[in-house]
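*Asks:* pasting the sequence and the predicted coordinates here, then a few questions.
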Amino acid sequence: MSSISSTVDGLVSGLNTTSIINSLVSADAATQTRLKSTVSTAQLKVAGYQSVNTKMTALQTAAEALQKATAWSPVKATSSNEAVTVTTDSKAGSGSLTVNVVKLASARTAVSEEFALTDGKVDPSTLSYPLDVVKSDGSYVTLKPNTGTLDQVAAAINEAGQFGIKAVAIRVSDNKYRLQITSTDSGSKGDFKLVPHTGSGRPEGTVATPGKITFAPGDYAALSTVEKAQGIDELSPAQDAEITIGKTNPITVTSSSNSFKDVMPGVSLAVTKEASSVTVGVTSNPEAIASAMQSLVDAANAALSDITLQTRPGAVGADGKVTGGGTLKGDSALRALKAQIVDAVTSAVGGNSSAATFGLQIDKTKATTSNIGLSFDKAKFLEAHAKDPVGVQALVSGASLPAPKVGEPARPDGIVERIARVAKSATDSVTGTITSAISGQNSSIGDLTKRIADWDTRLADKRAYYQKYYGALEVALGKLQSQSTWMAGQLAGLG
């Protein structure tokens, strides 16, 4: 085989056999080339369908957002002072409050008396180990180490972190230190006392299994005296945040943190500093509804524009060829989808009412072209909504209103119900028209790809055949040339 391939380049015949073989293989590959071109076209169609599908999904999302009841009762929260921040959720209604921030929540911080290290360790008597960390509810844990390095003593306290305290050693001068112990929670729930365990009458608790005792009235407060006696000084007390609401006979509200949840239904406050006479308000926000409507119109126009782009027919040139056409030109399903979107908006939505009554209509500047679109008059919408909010809501989305009572007629579909239905029929993951089109194209691509791969094998076999054929031809010509030379020699000898 190697001897044959070595003669392929026409050493005997003088033929450019390599070029001839390439031409023959290229001619044989015409079918595969057409298959590859078909795959490229199908891939472009998939990209076109996916682009439209993305736009239609966005349209469905915008429509479904307006089907939620919460979309029609938006509120805007305000505060007259940055010391108070207002947040709302779906339960919030309109209202206002006058708030005074009396104090902020803080964690308790205490420090030990000054001590020195002996041979790098804390003197056993410095903190009166073992110590109990006692909470106001009677729960406690026992810190056991009597001595150790500074790091070990701090670590022993930090092991009780799950119980709500942490410690750090502060160097105040040469070989002089104080331990600072801080509660990990702010407010009264983070309060603690550090008192000697020995002789306390409390069973020894552990970090893993805290003990529990019952205080008599005043017992917990009395532990401050015990704490002070062992050299524990309080730097800042544990305190709840406190606000008052109202001017006359104000209501006091407390929180272990600087957040006050559900001061009014669905309205929470966060405070950052003390302040007086802060007015916080929650008002209806129809602007948010208008913004949601604008988002719907923008999504619809994006979908309509993309369908127009993908299905544009192009122009027929003098040679009869079409140029400038869309990837999906002639797709009747997409053209029908475009008409359905427009019809969902322009159909009467209740009696003789139309979307134009609240500012939504066909864009008149585009109505006579294939690039049809929608326009939205925000001012007209807000005016209509102010006059009849429930009526406008019903025209846009009947589904967003409370369910009718028994015996009452069903709510008619509004614009967004019809748009959502059109969008879902196109994008549904199983039955959607666009989804099915993408699936069909991908199936064709998969089949064509297999056929192209088969052609790779067939063309490789044809090339091998041509190489063998022309190689054999060169060998045969070589033999004939040798015989001719021999015969010429013989004849010359006879002469």
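*Replies:* Now that the structure is in, tell me what you want to look at.

*Asks:* when you work out contacts or count neighbours from here on, use the C-alpha atoms and nothing else.
*Replies:* Noted.

*Asks:* which of the residues in the helix or strand containing Leu223 are classified as buried?
*Replies:* In this structure, Leu223 is located in helix 219-229 according to DSSP states H and E. For helix 219-229, burial by neighbour count (16 or more other CA atoms under 10 Å) applies to Tyr220, Leu223, Ser224, Glu227.

*Asks:* from Leu66, how far off is the last one?
*Replies:* Using CA to CA, to the nearest Å, we find Glu227 at a distance of 61 Å from Leu66.

*Asks:* follow-up on the earlier one: redo the buried residues of helix 219-229 as CSV? Include distance to Lys247 and pLDDT.
*Replies:* Shown next, in CSV, are those (distance: CA to CA, whole Å; pLDDT from 0 to 100):
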residue, distance to Lys247, pLDDT
Tyr220, 35, 89
Leu223, 38, 90
Ser224, 36, 91
Glu227, 40, 88
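
*Asks:* ok, those residues vs Lys144, which is closest?
*Replies:* Glu227 (17.1 Å; CA to CA).

*Asks:* quick check: closest non-adjacent residue to that closest one.
*Replies:* Closest residue in space to Glu227, ignoring its immediate chain neighbours: Val195 at 5.6 Å, by CA to CA, 6 or more residues apart in numbering.

*Asks:* beta partners of the one you found?
*Replies:* Asp132 (DSSP bridges).

*Asks:* how about it, what does it touch?
*Replies:* Contact analysis of Val195 by CA atoms under 8 Å, 6 or more residues apart in numbering lists Leu131, Asp132, Val133, Val134, Leu223, Val226, Glu227, Gln230.

*Asks:* show me which pair in the residues you listed is furthest apart.
*Replies:* Val134 and Gln230 (15.0 Å).

*Asks:* would Thr61 count as being in a helix?
*Replies:* Yes. Applying DSSP: H, G, I helix; E, B strand; the rest coil, one finds Thr61 inside a helix.

*Asks:* quick check: nearest residue in space to it, chain neighbours excluded?
*Replies:* Nearest non-adjacent residue to Thr61, counting by CA to CA, 6+ apart: Ala420, 7.9 Å away.

*Asks:* which ones are touching that neighbour?
*Replies:* Per CA under 8 Å, 6+ apart, neighbours of Ala420: Leu59, Gln60, Thr61, Ala63, Glu64.

*Asks:* now it: how far from Lys378?
*Replies:* 22 Å.

*Asks:* could I get the average pLDDT for stretch 487-495?
*Replies:* Stretch 487-495 shows a mean pLDDT of 75.

*Asks:* and it, what's buried?
*Replies:* In terms of neighbour count (16+ other CA under 10 Å), stretch 487-495 has no buried residues at all.

*Asks:* do stretch 444-457 as well
*Replies:* For stretch 444-457, burial by neighbour count (16+ other CA under 10 Å) applies to Ser444, Ile445, Leu448, Thr449, Ile452, Trp455.

*Asks:* repeat that for stretch 268-278.
*Replies:* Buried-residue list, stretch 268-278, by 16+ other CA under 10 Å: Ser268, Leu269, Ala270, Val271, Ala275, Ser277, Val278.

*Asks:* tell me which of the residues you listed is nearest to Ala336?
*Replies:* Of the buried residues of stretch 268-278, the one sitting nearest to Ala336 (CA to CA) turns out to be Ser268, at 48.9 Å.

*Asks:* pull the residues that contact the helix or strand the closest one falls within.
*Replies:* Element membership for Ser268, per DSSP H and E: strand 267-271. The contact list for strand 267-271 (CA under 8 Å, 6+ apart) reads 83-89, 91-92, 101, 104, 258-263.

*Asks:* just grab the bridge partners of the nearest residue to Val172 once chain neighbours are set aside for me.
*Replies:* Leaving aside its sequence neighbours, Val172 sits nearest to Arg178 (CA to CA, 6+ apart; 7.1 Å). In this entry, Arg178 is beta-bridged to Ile170, by DSSP bridges.

*Asks:* I'd guessed Arg178 sits against Val111; true?
*Replies:* Yes. Between Arg178 and Val111 there is a contact under CA atoms under 8 Å: 6.3 Å.

*Asks:* packing partners of the longest helix along the chain?
*Replies:* The helix that spans the most residues within the chain, counting by DSSP state H, is helix 433-494. Under the contact definition 3 or more CA pairs under 8 Å, 6 or more residues apart in numbering; DSSP states H and E, helix 433-494 sits against helix 2-5, helix 17-28, helix 30-65, helix 415-427.

*Asks:* coming back round to it: quick one: strands adjacent to the next helix or strand after the helix holding Leu223?
*Replies:* Using DSSP H and E, the helix or strand that follows helix 219-229 in sequence is strand 233-236. Here strand 233-236 is paired, per DSSP bridges, with strand 109-111 (antiparallel).

*Asks:* what is the mean pLDDT for the partner strand?
*Replies:* For strand 109-111, the mean per-residue pLDDT is 94.

*Asks:* who touches the following helix or strand past that strand?
*Replies:* Following strand 109-111 in sequence order, the next helix or strand is strand 117-118 (DSSP H and E). By CA under 8 Å, 6+ apart, the residues outside strand 117-118 that reach it are Asp123, Leu150, Asn175, Lys176.

*Asks:* just the buried residues from these, in ChimeraX please.
*Replies:* To isolate the buried members of these in ChimeraX, using 16+ other CA under 10 Å:
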select :123,150
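
*Asks:* can you list the domains in this protein?
*Replies:* Per automatic domain parsing, the structural domains of the chain span 1-74+285-495, 75-105+241-284, 109-236.

*Asks:* now Lys68, nearest residue through space, not along the chain?
*Replies:* Excluding its sequence neighbours, the residue lying closest to Lys68 (CA to CA, 6+ apart) is Ser400, at 5.1 Å.

*Asks:* shouldn't that neighbour be in contact with Ala69?
*Replies:* Yes. Assessed by CA under 8 Å, Ser400 is found in contact with Ala69 at 4.5 Å.

*Asks:* so those two - more neighbours on which side?
*Replies:* Between Ser400 and Ala69, counting by other CA atoms under 10 Å, Ser400 is the more crowded of the two (22 against 17).

*Asks:* quick revisit: quick one: pLDDT of the residue nearest to Thr61?
*Replies:* 95.

*Asks:* same check on the one 4 residues further on?
*Replies:* With respect to pLDDT, Lys424 has a value of 96.

*Asks:* what of Leu143?
*Replies:* Note on Leu143: pLDDT of 79.

*Asks:* if I look at it, how far off is Ile157?
*Replies:* Distance of Leu143 to Ile157, computed by CA to CA: 7 Å.

*Asks:* and the strand holding Ser268, which strands flank it?
*Replies:* strand 84-88 (antiparallel), strand 259-264 (antiparallel).

*Asks:* how far off centre is that strand?
*Replies:* Centroid separation for strand 267-271 versus its chain: 26 Å, with CA atoms, centre = their mean, to the nearest Å.

*Asks:* quick one: average confidence on that strand?
*Replies:* 96.

*Asks:* now swap in stretch 433-453 and tell me
*Replies:* 93.

*Asks:* what do you get for stretch 357-371?
*Replies:* Computed over stretch 357-371, the mean pLDDT rounds to 73.

*Asks:* between the two ends of it, how far is it?
*Replies:* Start-to-end span of stretch 357-371 (CA to CA) is 24 Å.

*Asks:* many thanks, we can stop here.
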